[in-house]
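Novice: Need a 3D model of the following:
(chains A, B, C and D)
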There are 2 protein chains.
Amino acid sequence: MAERGEGTGRQPLTRDRVLRTAVAVADEQGLEAVSMRRLAQVLGVVPMALYKHVANKDELLAAMVDAVVTEMGAGSATVGDDGWRPALRGRVLAAREVLLRHPWARRVMEEQVSPTPAVLAHQDAMIGLLLAGGLSVDLVHHVMHALGSRVFGFSQELYDAAPAPVDPELLAVMAERMGAMFPNIVAVATSRPHDPATVVGPTGCDDRFEFEFALDLLLSGVERLHAEGWTSAPVSR
Amino acid sequence: MAERGEGTGRQPLTRDRVLRTAVAVADEQGLEAVSMRRLAQVLGVVPMALYKHVANKDELLAAMVDAVVTEMGAGSATVGDDGWRPALRGRVLAAREVLLRHPWARRVMEEQVSPTPAVLAHQDAMIGLLLAGGLSVDLVHHVMHALGSRVFGFSQELYDAAPAPVDPELLAVMAERMGAMFPNIVAVATSRPHDPATVVGPTGCDDRFEFEFALDLLLSGVERLHAEGWTSAPVSR
DNA sequence: GTCCGGAGGTGTACGGCGTACACCTTCATG
DNA sequence: CATGAAGGTGTACGCCGTACACCTCCGGAC
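Specialist: As a prediction, the model looks like this:
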């Protein structure tokens, strides 16, 4: 008796518990406090025990951001009678709320090589909203880039993934699976290949064009506000 | 004879040489290759020798970003006959070029606690352009936030610095010095304190308002493009 | 000329990190 | 009961940043 529930390490160590603990530690003590050794200590276990549930630290970090992005609730996205804009706006603000609760997540996402499934789902939902709103595929493409650095900062490498699994057959299989899960992403990504000459890296998508598109969108908006004599925040907040 | 110029460690080790080597290593082999030990090895010297020229690794990283930001050339900013917009646009694009050459710099900046002098100078120059263009101080403030994540990603903590050096006298001295060096920043920062209730952290500036300001600027632009029947890139690229 | 002090390079050592590898227990299943 | 997999352990290696004591050299003060 008194065997279970008293120490910190009493309940069984599961991948889920590792993950939730890691997120909690990152939230409360910052990302730099998330080391395999510290995490193991918090869980009342020896460091190497974690490796029975997690491939390595990078995989753990990826799973952590996946959990966070899942909080954003990609499922609940539909365009109402008032059009795409309020729906998209709400979704972006919801994402922001989540990222405010987990300030470390943005940084981890940015240094990740390829997006996690939850990230793709989120992007797919956003694209779905815009397409449902009637925007052209090209416009949607650019909008996603323009919003990217605002929603989370990692949209530069949105459409890479699959770094050269040269086998074309395997690539076709992957494309098919992607299409089944994230139809909107595939629709946008395949419609308009980026100019390879202006691309940032061998696989990147941060064309100069995309950058200037977003920049000019902002500058035009500013110019308009200025021309309208904007001096302080409108009353409607 | 044959005493100097043959080995890698022949010329004297100076702070400048350490810095330039560090930037070169980061450019060529990535930021994770920049460790004090590896850097020392490249310089043909024992690791601890670096500490005679650099306080610690954080200070080295700060100096590295400072060098990069200086490349952006904060000095050459004036509003021509065609208004503030082309001047600002060119400056942002120039910053982007520099950051493309040093992809590690953005990440380092983002995890830095307070902006380096060169960063402040850059921001001051940008603000100067907008003010010279006749924009109101408030509008300039919001524009800087909106552009922030596009130019570099660190504008969230633009106006913090000075984390509670409670002594008001010392604070006044600092404010005076700041004003002498970066008059535009001070003008904007002091005109409109942020609502402490909606601020992200104790000192942050990433108000919900600033976020929505930029977001709505983008969304309005998109809406306008869509209404105009935008389907592909305008010919003027 | 002698002395001295500081600038700058060295060597050793400590505590932390991620994780490879061999090991041991436990327990459901043949 | 034997077996083998799943899961926790202990040890060890090679990285990391850097504290601290040391040495060496050189330019001026006397």
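Novice: lowest-pLDDT helix or strand in chain A?
Specialist: Within chain A, judged by mean pLDDT, DSSP states H and E, the helix or strand with the poorest mean is helix A:168-181; its value is a mean of 72.
Novice: residues in contact with the residue lying closest to A:His102 once chain neighbours are set aside?
Specialist: Spatial nearest neighbour of A:His102, excluding adjacent residues (CB to CB, 6 or more residues apart in numbering or on different chains): A:Val68 at 4.9 Å. Backbone N, C-alpha and C define where each C-beta goes, glycine included. Contacts for A:Val68 (CB atoms under 8 Å, 6 or more residues apart in numbering or on different chains) come out as A:Val23, A:Val98, A:Leu99, A:His102, A:Ala105.
Novice: which among those gets closest to DNA strand C?
Specialist: Using CB to the nearest atom of the strand, A:Val23 is the member of these that lies nearest DNA strand C, at 15.0 Å.
Novice: Quick one: neighbours of A:Glu71, just the number.
Specialist: By the measure other CB atoms under 10 Å in any protein chain shown, the count of residues near A:Glu71 is 17.
Novice: can stretch A:27-43 be found next to DNA strand C?
Specialist: Yes: Stretch A:27-43 reaches DNA strand C (CB under 7 Å from any atom of the strand) through A:Val34, A:Ser35, A:Met36, A:Arg37, A:Arg38.
Novice: Point out the other helices and strands that the helix or strand where A:His141 lies packs with.
Specialist: A:His141 belongs to helix A:137-151 when assigned by DSSP states H and E. On a contact count with 3 or more CB pairs under 8 Å, 6 or more residues apart in numbering or on different chains; DSSP states H and E, helix A:137-151 meets helix A:84-101, helix A:117-132, helix A:183-191, helix A:208-227, helix B:137-151, helix B:208-227.
Novice: now chain A, which segments are flagged as low pLDDT?
Specialist: Within chain A, the ranges that satisfy pLDDT under 70 run A:1-10, A:75, A:149-171, A:191-207, A:232-237.
Novice: now the residue sitting nearest the centre point of it, nearest residue through space, not along the chain?
Specialist: Residue closest to the average C-alpha location in chain A (CA atoms, centre = their mean): A:Val119, at 3.9 Å. Of all residues not flanking A:Val119 in the chain, A:Val69 sits nearest, at 5.3 Å (CB to CB, 6+ apart).
Novice: show me what contacts that neighbour?
Specialist: Contacts of A:Val69 by CB under 8 Å, 6+ apart are A:Val98, A:Ala105, A:Thr116, A:Ala118, A:Val119, A:Ala121, A:His122.
Novice: Three-state assignment for it, please.
Specialist: helix (DSSP: H, G, I helix; E, B strand; the rest coil).
Novice: Next one: it relative to DNA strand C, how far apart?
Specialist: Separation of A:Val69 from DNA strand C (CB to the nearest atom of the strand, to the nearest Å): 22 Å.
Novice: what's the answer for A:Ala77, then?
Specialist: Distance of A:Ala77 to DNA strand C, computed by CB to the nearest atom of the strand: 35 Å.
Novice: Surely that residue forms part of a helix?
Specialist: No: the assignment for A:Ala77, made by three-state DSSP, is coil rather than a helix.
Novice: give the contact list for the residue nearest to it when sequence neighbours are not counted.
Specialist: Among residues not flanking A:Ala77 along the chain, A:Ala125 sits closest, at 4.3 Å (CB to CB, 6+ apart). For A:Ala125, the contact set (CB under 8 Å, 6+ apart) comprises A:Ala74, A:Gly75, A:Ala77, A:Arg91, A:Asn184.
Novice: Please look at the last one and A:Leu131 and confirm they touch.
Specialist: Yep, that's A:Asn184 we're talking about. Yes: using CB atoms under 8 Å, A:Asn184 is in contact with A:Leu131, at 6.1 Å.
Novice: Mind listing the shared neighbours of these two?
Specialist: Applying CB under 8 Å, 6+ apart, one finds that no residue jointly contacts A:Asn184 and A:Leu131.
Novice: Is stretch A:103-119 in proximity to DNA strand C?
Specialist: No: using CB under 7 Å from any atom of the strand, we find that stretch A:103-119 stays clear of DNA strand C, coming within 12.8 Å at best.
Novice: could I get that stretch in CSV with only the CA atoms?
Specialist: What follows is stretch A:103-119, C-alpha atoms only, in CSV (Å, rounded to 0.1, in the frame of the first residue of the first chain):
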residue,chain,number,x,y,z
PRO,A,103,6.4,31.4,-26.2
TRP,A,104,9.1,28.9,-26.9
ALA,A,105,7.1,27.2,-29.6
ARG,A,106,7.8,29.9,-32.3
ARG,A,107,11.5,29.5,-31.9
VAL,A,108,11.4,25.8,-32.0
MET,A,109,9.3,25.8,-35.2
GLU,A,110,11.6,28.2,-36.9
GLU,A,111,14.6,26.0,-36.5
GLN,A,112,12.8,22.8,-37.5
VAL,A,113,13.6,21.4,-40.9
SER,A,114,10.2,20.3,-42.0
PRO,A,115,6.7,21.1,-40.8
THR,A,116,4.9,18.6,-38.5
PRO,A,117,1.5,17.1,-39.4
ALA,A,118,-0.4,19.5,-37.2
VAL,A,119,1.3,22.5,-38.8
